[in-house]
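Q: what follows is a predicted protein model with its sequence.
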Amino acid sequence: MTVSYHIETSVDPHEVADVFRRSGIARPIDDIPRLTRMLQHANLLISARDQERLIGFVRALTDFRYCCYLSDLAVDRDHQRQGIG
């Protein structure tokens, strides 16, 4: 497995809902319009991918200078405890 990390400008909300589901994190995964707004209003989205498959995800609010608030950090259960998060 080769994990690649990407700063994203946008991410498919269905793909994010899927990684939230596979991670065990409690998020509104069945409310795609809400999840879409959550992603649109974050100013930092970082993905971890195995090939093209999303296996980890971070959503954050930051000033890009001093402060960063991580509102979501999710890693697929099958990939947890491997240093991805």
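A: Looks like it arrived, so ask away.
Q: neighbouring strands - and their directions - for the longest strand along the chain?
A: In the chain, assigned by DSSP state E, the strand with the most residues is strand 53-62. Applying DSSP bridges, strand 53-62 is found paired with strand 44-50 (antiparallel), strand 68-75 (antiparallel).
Q: residues in contact with that strand?
A: 3, 11, 15-16, 18-20, 38-39, 42-49, 68-76, 78-79, 84-85 (CB atoms under 8 Å, 6 or more residues apart in numbering). The C-beta positions use only the backbone N, C-alpha and C, and glycine is treated the same way.
Q: so what's the residue count around Pro13?
A: Neighbourhood size, Pro13 [other CB atoms under 10 Å]: 19.
Q: equivalent analysis for Ser10, please.
A: Neighbours around Ser10, by other CB under 10 Å: 9.
Q: again, but for Val75
A: 22.
Q: what sits opposite the spatially most central residue of the chain in the beta ladder?
A: For the chain, the residue sitting closest to the mean C-alpha position, by CA atoms, centre = their mean, is Phe57 at 2.1 Å. Beta-bridge partners for Phe57, by DSSP bridges, are Ser47, Ala74.
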